[in-house]
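Novice: predicted coordinates and the sequence they were generated for:
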Amino acid sequence: MLDAAHKILHTYFGYNTFREGQTEIVSALLNKQDVLAIMPTGAGKSICYQVPAMLFEGLTLVISPLISLMQDQVHALNQVGIAAAFLNSSLSIEKQNQVLADTKNNAYTLLYIAPEQLLTQRFLLLSKEITISFISIDEAHCISQWGHDFRPGYLRVTDYINQLPTRPIIGAFTATATKIVKADITQILNLDDPFSITTGFDRPNLSFSVHKTNNTFNEIKAYLAQKHGLSGIIYCSTRVAVESIHAQLLESNYAATLYHAGLLAETKLANQHAFVRDEVPIIVATNAFGMGIDKSNVSFVIHHNMPKNIESYYQEAGRAGRDGSPAQCLLFYSGSDVRTNQFFLDTMEQGENTSDVQFLEFKAFEQERLKKMTFFCYTEDCLRHYILAYFGENTASYCGNCSNCLDNFEQYDVTIPAQKILSCIKRMGENFGIKMVVDVLRGSKNSRLLTLRLNEQKTYDILADTSETQIRHIIQQLLVLGYLITTNGQYPTLKLTSMSLELLLGKSTLSMNIPKNIPLPQKNKSQTITFANPELFSILQKLRQTLAKKQNIPAYLIFSNATLNEICQKRPATLEQMATINGIGKIKLEQYGRLFLDILSDYEH
């Protein structure tokens, strides 16, 4: 079955291999085992249920709270030739009835549905007349009152499953869940001996910064002046703040739109479409927009105020860089933010079905989460480390890519030492781990190195004046940035990627943040390499935008930024070469391959 899954992955989605955790999840589902998967935003959760759906005989239901996203998610599947539809309150009654009739006639592989639709009489009746093989529950943390976005409507999921003639396979997926939330999801959904996996919460491509300020808008405006034309979200804690920031942006000649729960439904939809389709680069929003965005090329997320907890912050910040490109997450805060959140907590109303003991317990839980969020704003530790530790993940005490680490780091051009490291790995046949590579570079005399005659390598001793700590730091950053990968197993070895070959060939440069107390060797100025011209990427973006407008779909549904980047790097000249690009499956190759090849040909000549 896994062979068939790999074929579907390549044919429909254009990927040659599954990413971390995906193989295990897909395998478990195909073996009819329930799954609970905690995967960071952008890690490919949707692939985990879309690929198995293609192999199950019956219908796959995808339960999602994101009504505003369903249309784009279904568009994305239809774009690659997968039959899918959605059912929610945004459709007219006539259209809903048509979707139900088509579902009864087995017209779809996947049906995206809002939880509110599950217990309607018509859908319950339909559910007993068709075969439902698999139910995938997206944003599964919404089912837990201990989650940061509890939605009572999600409790209908369990009632619905219990009324089905045959229990289907259940998959629960979320990006942010603490241990208590994971346990709650398992219990409420009654998952049957689930395969549980947490692939990690880290988003290495995101840069975090926290700034205390008394004039947030001026700070935002200064930041935006450096990000002309890039796509970003500005989150505010209240509707009033959204309206105010939006008005000030327009007065300052920034193209922006807004989103909050007080707007008419058609206005919210129009504003969201304008942002997702790159018609407007900036959207100012409350957390009503928190999960309601699946835009892959968001370059920055700004928080105008401190959120109420780490889960909400990380969920919202995670809207940035979904395609793997570097992105920035800025949080501005003031003392009044703590007081505002405390006021909301103090005035929280007790639910009708909540006992006094439960209410006090819940308030204490929320108080602790607010305290952790407040500490995040004031900590001098690595911000990434703080976030990941909150979710129970052990990481290094610095990342070199957050405002706190940057205060203790300096940026250097490390192109030359990085090239030496990559060259060493290549000359060693990509058959050794970090320790042996470091030993060769520093000219170690250890017996195994000498026995293997690695001291005869041309790269032996070429970084003798650089400390082991420094070399290891650069290697770790090369791994984080995608210039290197490691193999799995007990003795992982270092392997080069296409990015590292670009660096070795002098087609790009590399800068890193280096601890101030570990100096780098002085570089030879004559060895400075000019970074490649981004002109081609811009040309491909324009073609993508033109195609998207013709079809009235978001540009990322044509190709993601990551796919465009790979096209720029590999410069395919034939359809066969184009087919090797990640993200280009059979249908997209047929639809767009020749158009992009023509652009590449014109550019080359």
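Specialist: Structure received.
Novice: tell me where the stretch 501-605 of the chain has strands.
Specialist: Along the stretch 501-605 of the chain, counting by DSSP state E, counting those that start in this stretch, strands occupy 511-515.
Novice: quick one: the helices in it?
Specialist: 535-551, 561-570, 575-578, 586-604 (DSSP state H, counting those that start in this stretch).
Novice: please identify the buried residues of the last one?
Specialist: For helix 586-604, a neighbour-count test (16 or more other Cβ atoms under 10 Å) marks 586, 587, 588, 589, 591, 592, 593, 596, 597, 599, 600 as buried. To be clear about C-beta, it is placed using only N, CA and C from the backbone, and glycine gets the same treatment.
Novice: do the first one as well
Specialist: Along helix 535-551, these residues count as buried under the neighbour rule (16+ other Cβ under 10 Å): 536, 537, 539, 540, 541, 543, 544, 547, 548.
Novice: over to stretch 387-400?
Specialist: 387, 388, 390, 391, 395, 398, 399, 400.
Novice: from the opening residue of that stretch to its closing one, how far?
Specialist: Separation of the first and last residues of stretch 387-400 by Cα to Cα, to the nearest Å is 15 Å.
Novice: and the buried residues of helix 535-551 as TSV, adding pLDDT?
Specialist: Formatted as TSV, the buried residues of helix 535-551 follow (pLDDT from 0 to 100):
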residue	pLDDT
536	87
537	86
539	91
540	91
541	87
543	94
544	92
547	93
548	89
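Novice: need the max-distance pair from these.
Specialist: Spatial extent of the buried residues of helix 535-551 (Cβ to Cβ) is set by the pair 536 and 548 at 18.6 Å.
Novice: I'd guessed residue 11 sits against residue 586; true?
Specialist: Yes - between residue 11 and residue 586 a contact is recorded at 5.0 Å, counting by Cβ atoms under 8 Å.
Novice: tell me how far the closest residue to residue 543 other than its chain neighbours lies from residue 577.
Specialist: The shortest distance from residue 543 to any non-neighbouring residue, by Cβ to Cβ, 6 or more residues apart in numbering, is to residue 599 (5.6 Å). Distance of residue 599 to residue 577, computed by Cβ to Cβ, to the nearest Å: 14 Å.
Novice: what does residue 22 give?
Specialist: For residue 22, the distance to residue 577 equals 25 Å [Cβ to Cβ].
Novice: neighbour-wise, which of the two wins?
Specialist: The residue with more neighbours, out of residue 22 and residue 577, is residue 22; 23 against 13, by other Cβ atoms under 10 Å.
Novice: what's the burial count for residue 368?
Specialist: Other residues near residue 368 come to 11 when the count uses other Cβ under 10 Å.
Novice: helix, strand or coil for it?
Specialist: With DSSP: H, G, I helix; E, B strand; the rest coil as the basis, residue 368 sits in helix.
Novice: check contacts around it.
Specialist: If you count contacts by Cβ atoms under 8 Å, 6 or more residues apart in numbering, residue 368 has none.
Novice: neighbours around residue 239, how many?
Specialist: When neighbours are counted by other Cβ under 10 Å, residue 239 registers 16.
Novice: now it: how far from residue 286?
Specialist: Computed as Cβ to Cβ, the residue 239 to residue 286 distance reads 6 Å.
Novice: need the residues touching each of those two.
Specialist: 260, 261.
Novice: dihedrals phi and psi, the residue lying farthest from the centre of the chain?
Specialist: Most distant residue from the mean C-alpha position of the chain: residue 451, 44.9 Å away (Cα atoms, centre = their mean). Residue 451 adopts backbone torsions of phi -60, psi -40, taken as degrees, to the nearest 10.
Novice: likewise for residue 303?
Specialist: Main-chain dihedrals, residue 303, degrees, to the nearest 10: phi -100, psi 110.
Novice: mind pulling the model confidence for it?
Specialist: Note on residue 303: pLDDT of 96.
Novice: could you double-check that it sits in contact with residue 317?
Specialist: Yes - counting by Cβ under 8 Å, residue 303 touches residue 317, with 7.5 Å between them.
Novice: quickly list what's touching both of those two.
Specialist: Shared contacts of residue 303 and residue 317, counting by Cβ under 8 Å, 6+ apart, come down to 329, 331.
Novice: returning to what we had before: so which of the helices of the stretch 501-605 of the chain gets nearest residue 491?
Specialist: Between the helices of the stretch 501-605 of the chain, helix 561-570 lies closest to residue 491; by Cβ to Cβ that is 29.9 Å.
Novice: can you map out the strands along the stretch 51-200 of the chain?
Specialist: Ranges of strands in the stretch 51-200 of the chain, per DSSP E, counting those that start in this stretch, are 59-63, 84-87, 110-113, 132-137, 169-174, 195-198.
Novice: meant to ask about the stretch 251-400 of the chain
Specialist: 256-259, 282-285, 300-303, 327-333.
Novice: can you list those strands in CSV and add mean neighbour count and distance to residue 101?
Specialist: Rendered in CSV, the data for the strands of the stretch 251-400 of the chain read as follows (neighbours: other Cβ atoms under 10 Å; distance: least, Cβ to Cβ, whole Å):
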stretch, mean neighbour count, distance to residue 101
strand 256-259, 23, 33
strand 282-285, 26, 36
strand 300-303, 24, 41
strand 327-333, 23, 43
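Novice: out of those strands, nearest to residue 149?
Specialist: Each of the strands of the stretch 251-400 of the chain has some distance to residue 149 by Cβ to Cβ; the shortest is strand 282-285, at 14.7 Å.
Novice: what are the C-alpha coordinates of the closest one, in CSV please?
Specialist: Extracted as CSV, the C-alpha positions of strand 282-285 are listed here (Å, rounded to 0.1, in the frame of the first residue of the first chain):
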residue,chain,number,x,y,z
ILE,A,282,-1.4,43.6,4.1
ILE,A,283,-4.4,42.5,6.2
VAL,A,284,-5.1,43.9,9.7
ALA,A,285,-7.2,41.4,11.7
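Novice: returning to what we had before: so which of the strands of the stretch 51-200 of the chain is nearest residue 279?
Specialist: strand 84-87 (22.6 Å).
Novice: avg pLDDT for the closest one?
Specialist: Strand 84-87 shows a mean pLDDT of 96.
Novice: tell me the strands beside that strand, with direction?
Specialist: Strand 84-87 pairs in its sheet with strand 110-113 (parallel), by DSSP bridges.
Novice: what comes up buried for the strand it pairs with?
Specialist: Buried residues in strand 110-113, defined by neighbour count with 16+ other Cβ under 10 Å: 110, 111, 112, 113.
Novice: the third one and residue 259, how far apart?
Specialist: The span separating residue 112 from residue 259 equals 21 Å under the rule Cβ to Cβ.
Novice: same check, this time on the last one
Specialist: As for residue 113, its distance to residue 259 is 23 Å (criterion: Cβ to Cβ).
Novice: and stretch 458-472, what's buried?
Specialist: Neighbour counts over stretch 458-472 (16+ other Cβ under 10 Å) mark 459, 460, 462, 463, 466, 470, 471 as buried.
Novice: then stretch 116-133?
Specialist: For stretch 116-133, burial by neighbour count (16+ other Cβ under 10 Å) applies to 117, 118, 123, 126, 127, 132, 133.
Novice: same deal with stretch 176-195?
Specialist: Within stretch 176-195, the residues that qualify as buried by neighbour count (16+ other Cβ under 10 Å) are 176-178, 181-182, 184-186, 188-189, 191, 194-195.
Novice: repeat that for stretch 79-91.
Specialist: Of the residues in stretch 79-91, those buried (16+ other Cβ under 10 Å) are 79, 80, 82, 84, 85, 86, 87, 88, 90, 91.
Novice: could you redo the residues you listed as a markdown table and give each row distance to residue 233?
Specialist: Below are the buried residues of stretch 79-91 laid out as a markdown table (distance: Cβ to Cβ, whole Å):
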| residue | distance to residue 233 |
| --- | --- |
| 79 | 24 |
| 80 | 27 |
| 82 | 29 |
| 84 | 27 |
| 85 | 28 |
| 86 | 23 |
| 87 | 28 |
| 88 | 23 |
| 90 | 22 |
| 91 | 27 |
